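Colleague: Sequence first, predicted model second:
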Amino acid sequence: MIALLRRDLTLAVRAGGGFGLGLAFFLIVVVLVPFGVGPEAAVLSRIAPGILWVAALLAALLSLDRIFALDFEDGTLPLLATSPLPLEGVTLIKGIAHWITTGLPLTLAAPALGFLLNLEMSAYVWLLASLALGTPALSMIGTFGAALTVGLRRGGLLMSLLVLPLYVPTLIFGAEAVRRGALGLDATTPLLMLAGITLGSFALLPFAASSALRVNLR
Amino acid sequence: MIPDLGNYAAEVMAAYGLSILLLVGIVAVSLRRGRKVRTQLADVETRRDRANV
Amino acid sequence: MSIWEYANPKKFIATTTPLVPWVLGVAIACLVVGLFWGFFLTPDDFRQGSTVKIIYLHVPAALMAINAWFMMLLASLVWLVRRHHVSALAARAAAPVGIVMTLIALITGAIWGQPMWGTWWAWDPRLTSFLILFLFYLGYIALWEAIEDPDTAADLTSVLCIVGSVFAVLSRYAVNFWNQGLHQGTSVPVATGERTISDVFFVPLVICMVGFGLLFLALVMVRTQTEIRVRRMRALEMRMRS
């Protein structure tokens, strides 16, 4: 399992696997928003939590179809499916690898972009915490979506349609945590819910994703 | 015949109109597709029977 | 004699064909009576005026929108566990009916909200959850349409339906947490056995609910038959070509 994780990470970083792409997308979305809504600092700081979360979510979505597509095309996926490693483990590793290559950089970059949007000082801790707790769920849900659509031509658009509704609870709790942080309120409840979603999806979604993969490899 | 709907006549009528339109629509689509597929299937089955003879 | 006998496609068609006209007929009768009663014979509410009449469409449609998803969930589970094709096809047949019900609930809600709350759309928990339900239906139908092989499609959509159900419930709670709404509580709380509306409104409402339910049943039967025939036609054509 560790070897698979290491392989996925090196592939993602090395061969133009879209490692920096998600980050760049995140940056561009955040930069575009002030052009759309105007430069008033008060407005920006009010909508900053939502913008940062939605942008992070879209950036994570962008690289989802790579999770299985490359392995599916070059025939690695059937090999992984017949290897002694359970397929549930493989999907779990794929989800973790996706998080390390997109979710983690997004989390680390988010505070810097918070400055651009005039985010309240008190919200930075909550922004970091909520993204760190929430983006793993985004990766795992996305892995499930990618497993559903792996065999399809033009699967990318369909996958967004399937995955985005599943992202709703994560987005709500994540943005709510930051918003409460910005207002100086206690944000532990949404953070706990966020952690619950992440743990739940890591516990259950590998099974759903691997059963979908098995169907697609049949 | 039409009861006095007060100030909200337009809203009530629009709600009833749109909903009934949608309901009739889904019923019509379902029935028509069912009929079409049934004749197509009969067609395919007779062709198969002829081929088997 | 067990219920699983109806999982045989031929048996299913043979049993449902004589039933469809009756169920459809009773459904339409219930709807005509219920809506007529609701529209012409009920008094206006003292606060809501005549807009209270919209309830006869809004509540039954919302009820069936959720029940349709629930039925799809059950059918998906049956397909995954017992591999009866009729079950998977019934789930597929129910989805478009469910999305129409969701749409009716959303539209009538918006039309009612305009004079009552002064806005077509409010990001109220109930409204938002229905919008999310609508998105789930869209994704489910899109996945069915996208996959060529019928068994693969049935498997994948079943998995999606189950995961989607979990997340739909989760969204409902998340949305509740996110915004306390304008929407009034349920008019017919089943669990407590009480109700918050008077008999004048209640009787036609129940008739409409029965009508919507039977209409859904009839449509699912017709559409499942259609799906079975499409499957059979495709299989025959494949065999003839080879």
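Modeller: Yep, it's here. Remember, it's a predicted structure, so these values are computed and weren't measured experimentally.
Colleague: Could you name the specific helix or strand carrying the residue nearest the centre of chain B?
Modeller: Centroid-nearest residue in chain B, with CA atoms, centre = their mean: B:Ala28, separated by 1.0 Å. Element membership for B:Ala28 (DSSP states H and E) is helix B:9-52.
Colleague: before we move on, what about A:Phe207?
Modeller: Per DSSP H and E: helix A:188-217 holds A:Phe207.
Colleague: cool, and C:Cys208?
Modeller: Counting by DSSP H and E, C:Cys208 is part of helix C:199-241.
Colleague: Just the angle for that helix relative to helix B:9-52, thanks.
Modeller: 30 degrees (axes from the mean of the first three to the mean of the last three CA atoms, to 10 degrees).
Colleague: Around chain A, which positions in chain C sit nearby?
Modeller: Neighbours of chain A within chain C, by CB under 8 Å from any CB of the partner chain: C:132, C:135-136, C:138-139, C:142-143, C:146-147, C:152, C:155-156, C:159-160, C:162-164, C:166-167, C:170-171, C:173-175, C:177-178. Every residue, glycine included, has its C-beta placed from N, CA and C.
Colleague: what do you get if the cut-off is 6 Å, keeping everything else the same?
Modeller: Counting by CB under 6 Å from any CB of the partner chain, chain C comes close to chain A at C:132, C:135-136, C:139, C:142, C:146, C:152, C:155-156, C:159, C:163, C:167, C:170-171, C:174, C:178.
Colleague: lowest-confidence helix or strand of chain A?
Modeller: Ranked by mean pLDDT, DSSP states H and E, the weakest helix or strand in chain A is helix A:2-14, scoring a mean of 75.
Colleague: what's the next secondary structure element after that helix?
Modeller: helix A:19-37.
Colleague: Taking chain A, what residue is nearest to chain B?
Modeller: At 21.7 Å from chain B, A:Leu161 is the closest residue in chain A, using CB to the nearest CB.
Colleague: Tell me how many other residues surround that residue.
Modeller: Counted with other CB atoms under 10 Å in any protein chain shown, the neighbours of A:Leu161 add up to 18.
Colleague: Doesn't it belong to a helix?
Modeller: Yes. When DSSP: H, G, I helix; E, B strand; the rest coil is applied, A:Leu161 is found to be in a helix.
Colleague: Now it: closest residue in space, sequence neighbours ignored.
Modeller: C:Gly139 (4.9 Å; CB to CB, 6 or more residues apart in numbering or on different chains).
Colleague: Quick check: that neighbour vs chain B, distance?
Modeller: Plainly put, C:Gly139 is 19 Å away from chain B if you go by CB to the nearest CB, to the nearest Å.
Colleague: in which helix or strand would I find that residue?
Modeller: C:Gly139 belongs to helix C:125-146, assigned by DSSP H and E.
Colleague: ok and the helix or strand that comes right after that helix relative to helix A:188-217, angle-wise?
Modeller: Remark: after helix C:125-146, the chain's next helix or strand is helix C:150-178, criterion DSSP H and E. If you take the same axes, to 10 degrees, helix C:150-178 sits at 180 degrees to helix A:188-217.
Colleague: If you count neighbours, what's buried in helix C:150-178?
Modeller: C:150, C:153-168, C:170-172, C:174-175, C:177-178 (16 or more other CB atoms under 10 Å in any protein chain shown).
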